[in-house]
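Colleague: got a predicted structure here, sequence first:
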Amino acid sequence: MRLPSAKKGGQSCTEVNIGCSLWKGDSTRKTILSLAKVYRLLEPGPVVLLTTATRRQANVMPMSWHMMIDFEPPLVGCVVSNRNYSFQALKATKECVINIPTVDLAATVVRCGNTSGRDLDKFQAFGLTAVKASRVGAPMIEECFASLECRVVDARLVTRYNLFILQVIRAWCDRSVKLPKTIHHLGFGTFMVAGRRITLPSRMR
Ligand SMILES: Cc1cc2nc3c(=O)[nH]c(=O)nc-3n(C[C@H](O)[C@H](O)[C@H](O)COP(=O)(O)O)c2cc1C
C-alpha cells in the first residue's frame, strides 16, 4: 500500500507504507537538511527523543548517551539499555528516528523517561504528534525541531555495551527555529539549556 508522505523540498511524494498507520500526520513543516550538516545538530550533545516502531506500536525514549562517529555519511553511536522497551524494537527493526527537542518540551522529555512503552502509549499520553518518516518505519515527532531517520549499520557492540551504530539516512530540520534551545542532561532531572553562541577562527570543520 502506498501512502502520501512527508514533503521533500516543498514537493509531496509517495513512499511505501511499511505497516504502521499509528501517526496522526502525514506531512511536516520540516524540510530536508543536507546530511553533511547532521553533525552540527548532534555535536553539542543535546538530549534527544529516540522513536522506534513495531507493528504493534510506536514508542519514544529520551536518550543522552549518543555521539557523532563520522561526518558523511553521518554515523552516530547510541547506547540503548537492554532494560528499555525501545531496545527490543531497535534490535528487531534496525530502524529509528533521532528527534531533537527544545526546552519547551523538557517536561515531556522527563515524563517519557519516567515511563515505558511497555505500559503506555507515550505519544497519546504526552500529546506528541507522530508524523510518517520517509525512509524508516519509526515516526518523526512533529514538536521536535529536527528529526534524523536512522538505520542500524553495525550491531557488533550491542551485546557487550548496548551500543548501536546508526547511519543517518535522511535529516529534517525546521529552519524557522534559528537558535534552538536544546537541553543537555546533567543528571537527576537537571538540564543545561543551550544559550549564547560565539564564533572563533577555528580550523575544525
Ligand atoms: C534525560 C534522559 C536521558 C536518558 N538517556 C538514556 C540513554 O542514553 N540511554 C538509555 O538507555 N536510557 C536513557 N534514559 C532512560 C530512558 O529514557 C528510560 O529508561 C525510558 O523509560 C525508557 O523507555 P522505554 O522502556 O519505553 O524504551 C534517559 C532518560 C532521561 C530522562
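Modeller: Yep, it's here.
Colleague: can I assume Val152 is in contact with Phe164?
Modeller: Yes. Judged on C-beta atoms under 8 Å, Val152 makes contact with Phe164 at a distance of 5.3 Å. Just so you know, the C-beta spots here come from the backbone N, C-alpha and C atoms, and that holds for glycine as well.
Colleague: so between those two, which is more surrounded?
Modeller: Counted by other C-beta atoms under 10 Å, Val152 and Phe164 do not tie: Phe164 has more neighbours, with 25 against 17.
Colleague: return the helix or strand in this protein with minimum mean pLDDT.
Modeller: Lowest by mean pLDDT, DSSP states H and E among the helices and strands of the chain is strand 2-4, with a mean of 39.
Colleague: quick one: the helices in this protein?
Modeller: 38-42, 85-93, 106-113, 122-126, 158-161 (DSSP state H).
Colleague: can I get the shortest one as CSV, trimmed to CA atoms?
Modeller: Extracted C-alpha coordinates of helix 158-161, given in CSV (Å, rounded to 0.1, in the frame of the first residue of the first chain):
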residue,chain,number,x,y,z
VAL,A,158,25.2,-4.3,21.2
THR,A,159,25.7,-7.5,23.2
ARG,A,160,28.6,-6.1,25.1
TYR,A,161,27.8,-2.4,25.5
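Colleague: in it, what counts as buried?
Modeller: The neighbour-count check on helix 158-161 (16 or more other C-beta atoms under 10 Å) flags Val158 as buried.
Colleague: do it and the ligand meet?
Modeller: No. Between helix 158-161 and the ligand, judged by C-beta under 6 Å from any ligand atom, nothing touches; the nearest distance is 11.2 Å.
Colleague: what residues does that helix touch?
Modeller: Identification of contacts with helix 158-161 by C-beta atoms under 8 Å, 6 or more residues apart in numbering yields 79, 91, 164.
Colleague: closest one to the ligand out of these, please.
Modeller: For the contacts of helix 158-161, the minimum distance to the ligand (C-beta to the nearest ligand atom) is 5.1 Å, reached by Val79.
Colleague: next one, pLDDT for the closest one please.
Modeller: On the pLDDT scale, Val79 is placed at 97.
Colleague: give me every residue that touches the residue in the chain that the ligand sits nearest to.
Modeller: Residue nearest to the ligand within the chain (C-beta to the nearest ligand atom): Gly113, separated by 2.7 Å. For Gly113, the contact set (C-beta under 8 Å, 6+ apart) comprises 61-62.
Colleague: picking up where we left off before, in JSON lines: the contacts of helix 158-161, plus distance to the ligand.
Modeller: Formatted as JSON lines, the contacts of helix 158-161 follow (distance: C-beta to the nearest ligand atom, whole Å):
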{"residue": "Val79", "distance to the ligand": "5"}
{"residue": "Lys91", "distance to the ligand": "12"}
{"residue": "Phe164", "distance to the ligand": "10"}
